[in-house]
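Student: the sequence and its predicted three-dimensional model are supplied below.
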Amino acid sequence: MVREHDLLITFMDQELVLTSEKAIYWKNEDDLIVTDLHLGKSGHFRKAGIPVSSQVNDENLARLEFITSHFNPETIYFLGDLFHSEMNIEWEDFEIWRDKKSSISMKLVLGNHDFYAVPEYEKFNLECFHQLEVYPFTFVHDVPINESDTNELFVGGHIHPSIHFKGKGRQSIKTPCFFFSKNKILLPAFGSFTGTHNIKPTKRDLVFPIIDGNVIDLNDLI
């Protein structure tokens, strides 16, 4: 189940597989957690006259298909920005894929790019929420900034976290990462056609970067 390039960790008594595809497999519940696919973004750019290949959308769906087939979860939690903008032909590709996975429950926590009314997303057989509590997690899209005074453990995305490493001389690398703190778990953006936001972890935080297709534990070095 856990591949060589994935990383199994235990956090708050939960076994979580951090995958190289930038998703989390929640082993205790047999669920998959994904955020920020931004499906349809390439089509949105093409509509605006900017030549972006539809292969971007195809590759994102192919990775989603691959990881779903590997773990075969009971539920997939999409933590916002599943889609990017107005409906376009690339949404139809997701609909076809969703129909093939009809046995899997799929729940969408609405993000800032998921701006249609809920019934539009329910057409894709998605249950929609603004926030969803599934013990011990509180699934959101944009994790609250000041969460230190709560006992809730927020899980979200939105900022597309990455970390910047600097080596000797002018060597450096910026790579997507999973970020863990006392009350927060941030997933990297699953979609490939997205920017990233550089985070600055403290010594109390845990960061797991994805380097050369492998999820790495470098916390002793950060």
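Tutor: The structure has been received and is ready for your questions. Residues are numbered from 1 along each chain as shown.
Student: next SSE downstream of the helix ranked longest in the chain?
Tutor: Secondary structure of the chain per DSSP state H: the longest helix is helix 55-71. Later in the chain than helix 55-71, the nearest helix or strand by DSSP states H and E is strand 75-78.
Student: buried sites along that following strand?
Tutor: Under the neighbour-count criterion of 16 or more other Cβ atoms under 10 Å, strand 75-78 has 75-78 buried. Using the backbone N, CA and C atoms, a C-beta is placed for each residue, glycine as well.
Student: cool, and stretch 107-120?
Tutor: Neighbour-count burial for stretch 107-120 flags 107-111, 113-114 (criterion: 16+ other Cβ under 10 Å).
Student: could you pull up the mean pLDDT of the longest helix of the chain?
Tutor: Mean pLDDT, helix 55-71: 90.
Student: change the start of the numbering to 426 and stick with it
Tutor: All right, first residue 426 from here; so that's helix 480-496.
Student: helices and strands around it, which ones?
Tutor: If you count contacts as 3 or more Cβ pairs under 8 Å, 6 or more residues apart in numbering; DSSP states H and E, helix 480-496 packs onto strand 456-459, helix 466-472, helix 514-525.
Student: tell me where the model's unsure across the protein.
Tutor: Filtered on pLDDT under 70, the chain yields the residue ranges 466-479, 481, 509-513, 538, 571-574, 591-597, 618-620, 645-647.
Student: what residue is smack in the middle of it?
Tutor: residue 460 (2.7 Å; Cα atoms, centre = their mean).
Student: report the angle between the longest helix of the chain and helix 514-525.
Tutor: 10 degrees (axes from the mean of the first three to the mean of the last three Cα atoms, to 10 degrees).
Student: and residue 615, how far from residue 503?
Tutor: 9 Å (Cβ to Cβ, to the nearest Å).
Student: residue 527 now?
Tutor: From residue 527 over to residue 503 the distance is 16 Å, taken as Cβ to Cβ.
Student: how near is residue 532 to residue 504?
Tutor: Applying Cβ to Cβ, the value for residue 532 to residue 504 is 9 Å.
Student: please apply the same query to residue 482.
Tutor: From residue 482 to residue 504 the distance is 19 Å (Cβ to Cβ).
Student: do residue 516 as well
Tutor: Relative to residue 504, and taking Cβ to Cβ, residue 516 is found at 19 Å.
Student: more neighbours: these two, which one.
Tutor: The neighbour comparison of residue 516 against residue 504 (other Cβ atoms under 10 Å) goes to residue 504, with 29 against 20.
Student: check which helix or strand residue 442 maps to.
Tutor: Counting by DSSP H and E, residue 442 is found in strand 439-443.
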